[in-house]
Every structure is written in structure tokens, then in C-alpha cells.
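S.K.: Predicted model and sequence below, questions to follow.
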Number of protein chains: 2
Amino acid sequence: MITRNPSLTDQVKEHIKERIASDGFEGGRIPPEVELANDLGVSRTTVRDALSRLEHEGTIYRRQGAGTFVREQGLQIKSRLEDIWSYEQVLEDHGYVPSVRVISEKEMVADPMTVEALGVGPEDTVLVIEKLFLEDEDPVIMTINRIPSRYLTDTEFTNDEATPIYEFIEQHCNRTLSYYLSEIVPVSLDADTAEALGVEPGTLAISFDEIGFDQNDTPIVRGTSYFRDDLIRFRLLRRRSGT
Amino acid sequence: MITRNPSLTDQVKEHIKERIASDGFEGGRIPPEVELANDLGVSRTTVRDALSRLEHEGTIYRRQGAGTFVREQGLQIKSRLEDIWSYEQVLEDHGYVPSVRVISEKEMVADPMTVEALGVGPEDTVLVIEKLFLEDEDPVIMTINRIPSRYLTDTEFTNDEATPIYEFIEQHCNRTLSYYLSEIVPVSLDADTAEALGVEPGTLAISFDEIGFDQNDTPIVRGTSYFRDDLIRFRLLRRRSGT
DNA sequence: AAGTGGTCTAGACCACTAT
DNA sequence: TAGTGGTCTAGACCACTTC
């Protein structure tokens, strides 16, 4: 299903990222845009697109009239909060090699918050999938996803519960997960969640309470995610205006 | 000091925003990019720049091959987490009319975390300003800002402590606050902070632990902010790829 | 004054959606 | 197949920084 070979812009972006990683820019100074464009054989616009994205991700910064520079190592932002799509990717960004474990998967009557969030009837059932994301047997993230049963086109999952939720929805709901509306909520972990994450009950954590929408803006999944605060932290680069 | 008349892109962006506000797009459908470009007498690139920013802010969304559409009212994101600059603005975005109260302002020896964050000596002093942001006498946000004494060019504040921290720094440090690096941390409020915010000690809250950098990437201020979770929530629009 | 990023244009072709 | 957004080019001029 996934087509698109990487766009030129993406290729340029990766090229620059790799060269940054291998310390290939003397004094942290990235060559002028025109020079990069000539060297790589693309237009300046393409180079600028790539640089803009890297700037947005916090990898580089630009000063009009002065130049473009690599951001200091310690300052690198690894997860742009708004670009998070799969938690596997979040863990990889933190330098981990992630694995996924399905804790449970069952159909049950929707709880009140899910009823309200997804607009299902109070008697309707939802498929509830609980998953754990681990790094080398160390649990880091727990997620609970709830999908209304009526959206399911089949119930032959054959271990698909372990695939990312957006792929699961494409395969079993015939819909595409388009975007999430998320709320950041501080929580004190209950006994079950704490046990799954391998910490003491009552431990402080960040959670995301999120609603996923399909391509027609229909709410299709409600997710709740809990993060081990001692293993993963969300960082944010805040700039003055909306670049 | 502030020059730059609005760029064409910004003007186009404002034009579209105003027309959205006055319900000027039938069926929430925004005209094709080429049509907008012709109508406004600018190039398609400029229109695309403006639309890209509006998309990033969550005001509109685009579907390749289909068109560009106004996002449903209920889904509009009011605070883009990464665009937060002043907390007054955050409160306004939540529909409040904010006021500010200075709790305390004193010079003292830097605590270890501030020493590490700002790279000052362990004996150096910092100016610590504690502020409270209120809505109609209801405290919503508490902030603690720490600025190394050696960056201060004068100590004649005359109530300037109540101005936004970035203005304070411009006026009394002769530097410009350029960006923040923030970490989102879940906390259980201690007695003092809880009292200031008017909640019970131990109440769960989100806090930002942030370092502010000047135009030369020198860390110049360390801030800690606490938010009343029952009065203010951070929302996030997460999309599939990094537009 | 020279160099660099910021803005803008005009036009081409591609990928996807609707019908 | 027609229409729309996505990508890319080549080139122009401006605003700001540096020397």
C-alpha cells in the first residue's frame, strides 16, 4: 500500500542529518544554501525545504545574513511532540530498540468516557487492546486503544494486535487514521498500570488522552498512553513566533 | 526596534483567517490554490506558504487531490504547545482575562539544578522571581524564573518584575530571549506551590522545566512553571507526517 | 561591499481524488 | 478524465550580518 519513494526534499534532509551525525560540518557551520544546492544537484528551494524541516525539528538553526548552524549536541530535540505518530518511533528516537507486547485484547461495553469521545451508544461494545512498549524487557510505555466494534470489518486478527494502531485500523476497519487530538494529563499510576510498567503504584507519570480521527473527521479510536517518567521525557523547542 | 511590514505570505494568511472567521467559505471549502493566487494577485508559492502555516496551526487541513478545508470549530486547537511564548497569551487562548501577581523577588545563591542548567558557579547568585497568573482572582499558573546576577545590567526594577520575562530580560540584561528548551514533567505539588495555586498539597499537575537561551545560544534563564490541571489543559494536534 | 538567509515569481510535472 | 494539492526548478530581489 505504501508507495512514494522518498522525495528529493526528504533525501536532502537525510543527507544533511547523516553528515551532522558524522560530524561532517566544520565548526558546526552548514554551507550556504546555494552551495548545497549546487553540490547536490537540486534547486535552492528543495534545499530550503529540507533545512526548514530540520530547523523545525530543532536539529539546526538559521540566522539571516549569518548562516546555518548545527544545534549543540546537548540541545538536540529528539521527539517533536506534534510529529509523534508511532511509539516505536518515539523509542527509536530515544536510542532504544523497541519491542511490543500485547497485554490483552477483548470486546466489552464502552466506558462512559469512550462513549462520549467516540459518540457510540452506551450499550455498544468496543474492542479494547492493551499494549506495552519495551526496551530490552524494560517497559516504557503502556497504551490502551478502544475501537467501536461496529467499525470492525472482520475479527480475524492473527496477531495483528501487535502492529501499530494506525495499521490495524487500515487493515480491519477499512479506514485511515488521519490525525489525533490529544490532551496531556498528569496521573498517579493505578495498581494495574503501575505493575505493567514495573513501577510502584502511585508513581507520577504523564499520560496522553487522545482521540483518533479518520479521513472523514469521524472519531474512530480513543487511546490512553502512560509513560515511564524516569525513562522517557518529552522535550519541546519553543520559539518566539510561529515560523 | 520592530521593523518589517508584514510579508505577503503573512498578509495572505491573515486574509484567509479573517474570511474563515466571517464564514466566507461556502461549505468550509477553501478555493483551489491557483484560484486564490489569481484573486489575490500573488504567486501560488506564496499562497501555499500561507496555507501551510494555517495547516500547521490546525486552522485548516488539506487533502491531496481533493482540496483544502476549514477545520471544524470544535476541533480548533487554541494553544499550539510549541508556539507558547507568554503565559498571558495561554490564558487568553483559554478564554480568560489574565492578571499577574509577583509573589517574591530576591537574589540568592543558585540551587544545584540551576547551576547545571545555566552553567554558573556554585557560589554565584541568581535573581529569583516568583509569579502567579490569575483569572479573576483564581490562580492558574505559577512560575519561578532564575536569572544569574551577573547578567543583570541594573537593579532598578520599578515593578518590572510583573512584565513578561522576555521583556524583563531585554530591559535589564541587554539580551534577547530567543528560544526555550522545555521538558514536560508530572509533579505532585509541594505545600508552598499548592498554597499559591489554591489547591491541596499533593495535587497532580503538569510542570514545565525550561531553559531560555539568548540570541547567542547562551542559557540565560531557568524557569519552572506549574499549571492548575483542573483549569488548564494542554492540547495537541498530531498529524501523520512532518509537513 | 560581499555573503547569507528570507521572500517571491512563473511555470512545469507528478500523485491522488472525485466522477 | 478533470481537478486539486505535492514537488521541483531557475532565477530575481530584499534584509541582515560580517568584515
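M.R.: Yes, it's here. All values reported here derive from a predicted model rather than from experimental measurement.

S.K.: Can you get me a residue count around the residue lying closest to residue A:168 once chain neighbours are set aside?
M.R.: Distances taken as C-beta to C-beta, 6 or more residues apart in numbering or on different chains put residue A:160 closest to residue A:168, at 5.7 Å, once the chain neighbours are dropped. Where you see a C-beta, it was placed from the backbone N, CA and C, and this is true even at glycine. By the criterion of other C-beta atoms under 10 Å in any protein chain shown, residue A:160 has 14 neighbours.

S.K.: Then residue A:87?
M.R.: 22.

S.K.: Torsion angles phi and psi at it?
M.R.: phi -70, psi -20 (degrees, to the nearest 10).

S.K.: For residue A:72, see how far away the residue minimising distance to the centre of chain A is.
M.R.: Nearest to the mean C-alpha position of chain A, counting by C-alpha atoms, centre = their mean, stands residue A:84 at 2.1 Å. Look at residue A:84 and residue A:72: by C-beta to C-beta, to the nearest Å, they are 23 Å apart.

S.K.: for DNA strand D, what are the nearby residues on chain A?
M.R.: Within chain A, the positions adjacent to DNA strand D are A:7-10, A:41-46, A:49, A:63-66 by C-beta under 7 Å from any atom of the strand.

S.K.: And those, which is closest to residue B:227?
M.R.: residue A:63 (32.7 Å; C-beta to C-beta).

S.K.: The closest one and residue A:69 touch, don't they?
M.R.: Yes - contact criterion C-beta atoms under 8 Å: residue A:63 and residue A:69 qualify, at 7.5 Å.

S.K.: Same drill for these two, tell me which one is more crowded.
M.R.: Legend: neighbour count by other C-beta under 10 Å for residue A:63 and residue A:69, higher for residue A:69 (16 against 10).

S.K.: in which helix or strand would I find the more buried one?
M.R.: Using DSSP states H and E, residue A:69 sits in strand A:67-70.

S.K.: Flag every residue of chain A that's near DNA strand C.
M.R.: Counting by C-beta under 7 Å from any atom of the strand, the residues of chain A near DNA strand C are A:3-4, A:30-35, A:44-45, A:48, A:51, A:62-68.

S.K.: Now, those that are in strands?
M.R.: Residues of the residues of chain A next to DNA strand C located in strands (DSSP state E): A:30, A:62, A:63, A:67, A:68.

S.K.: Quick one, which of those residues are buried?
M.R.: Neighbour counting by 16 or more other C-beta atoms under 10 Å in any protein chain shown classes A:30, A:62, A:68 among these as buried.

S.K.: Dump these to TSV, plus pLDDT and distance to residue A:177.
M.R.: Formatted as TSV, these follow (pLDDT from 0 to 100; distance: C-beta to C-beta, whole Å):
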residue	pLDDT	distance to residue A:177
A:30	93	35
A:62	90	33
A:68	92	35
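
S.K.: Chain B next: which of those residues are close?
M.R.: Near chain B, judged by C-beta under 8 Å from any C-beta of the partner chain, there are no entries from these.

S.K.: and the residue lying closest to residue A:12 once chain neighbours are set aside, how many neighbours?
M.R.: Leaving aside its sequence neighbours, residue A:12 sits nearest to residue A:50 (C-beta to C-beta, 6+ apart; 3.9 Å). Residue A:50: 25 surrounding residues under other C-beta under 10 Å.

S.K.: swap in residue A:108?
M.R.: The local packing of residue A:108 (other C-beta under 10 Å) involves 11 other residues.

S.K.: ok, now residue A:107?
M.R.: Neighbourhood size, residue A:107 [other C-beta under 10 Å]: 12.

S.K.: Provide a list of residues in contact with the residue nearest to the centre of chain A.
M.R.: Shown in contact with residue A:84 (C-beta atoms under 8 Å, 6 or more residues apart in numbering or on different chains): A:90, B:238.

S.K.: do you know how far it is from residue A:223?
M.R.: With C-beta to C-beta as the criterion, residue A:84 and residue A:223 are 12 Å apart.

S.K.: now swap in residue A:120 and tell me
M.R.: From residue A:120 to residue A:223 the distance is 15 Å (C-beta to C-beta).

S.K.: which ones are touching residue A:47?
M.R.: A:12, A:33, A:36, A:37, A:40.

S.K.: Select from those residues the one having the most neighbours.
M.R.: Neighbour counts for the contacts of residue A:47 (other C-beta under 10 Å) peak at residue A:12, which has 23 neighbours.

S.K.: what angle separates the host helix or strand of residue A:53 from helix B:44-56?
M.R.: According to DSSP H and E, residue A:53 maps onto helix A:44-56. Orientation of helix A:44-56 against helix B:44-56 (axes from the mean of the first three to the mean of the last three C-alpha atoms, to 10 degrees) gives an angle of 20 degrees.

S.K.: What residues sit buried inside helix A:44-56?
M.R.: Residues of helix A:44-56 classed as buried: A:46, A:47, A:48, A:49, A:50, A:51, A:52, A:53, A:54, A:55, A:56 (neighbour count, 16+ other C-beta under 10 Å).

S.K.: Just give me the least confident of these.
M.R.: By pLDDT, residue A:56 ranks lowest within these, coming in at 79.

S.K.: Correct me if wrong: it contacts residue A:82.
M.R.: No - counting by C-beta under 8 Å, residue A:56 stays clear of residue A:82, with 9.7 Å between them.

S.K.: Now do stretch A:12-28, average pLDDT.
M.R.: Across stretch A:12-28, pLDDT averages out at 86.

S.K.: can you give me the end-to-end distance of it?
M.R.: One end of stretch A:12-28 to the other measures 18 Å (C-alpha to C-alpha, to the nearest Å).

S.K.: Mind listing what's buried along that stretch?
M.R.: A:12, A:13, A:16, A:20, A:25.

S.K.: could I get those as CSV with distance to residue A:231 and secondary structure?
M.R.: Output for the buried residues of stretch A:12-28, formatted as CSV (distance: C-beta to C-beta, whole Å; DSSP: H, G, I helix; E, B strand; the rest coil):
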residue, distance to residue A:231, secondary structure
A:12, 33, helix
A:13, 28, helix
A:16, 29, helix
A:20, 26, helix
A:25, 31, coil
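
S.K.: Neighbours of residue A:132, how many?
M.R.: 18.

S.K.: Let me see the contact set for it.
M.R.: A:100, A:101, A:102, A:103, A:139, A:141, A:142, A:143, A:196, A:197.

S.K.: domains in chain A, as residue ranges please.
M.R.: As assigned by automatic domain parsing, chain A contains the domains A:8-75, A:81-227.

S.K.: can you list the weak-confidence ranges in chain A?
M.R.: A:1-5, A:73-79, A:241-243 (pLDDT under 70).

S.K.: Helices of that one, start to end?
M.R.: In chain A, the helices defined using DSSP state H lie at A:8-21, A:33-40, A:44-56, A:87-93, A:112-118, A:165-172, A:191-197.

S.K.: returning to that earlier point: distance to residue B:183 for the buried residues of stretch A:12-28 - can I get that in TSV?
M.R.: Shown next, in TSV, are those (distance: C-beta to C-beta, whole Å):
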residue	distance to residue B:183
A:12	30
A:13	26
A:16	26
A:20	23
A:25	27
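
S.K.: so does stretch A:198-214 get close to chain B?
M.R.: Yes - Stretch A:198-214 lies within reach of chain B by C-beta under 8 Å from any C-beta, at A:204, A:205, A:206, A:208, A:210.

S.K.: Pull the most distant pair out of these.
M.R.: A:204 and A:210 (19.7 Å).

S.K.: quick one, which of the two is more surrounded?
M.R.: Under the criterion of other C-beta under 10 Å, the comparison of residue A:204 against residue A:210 puts residue A:210 first, with 22 against 17.
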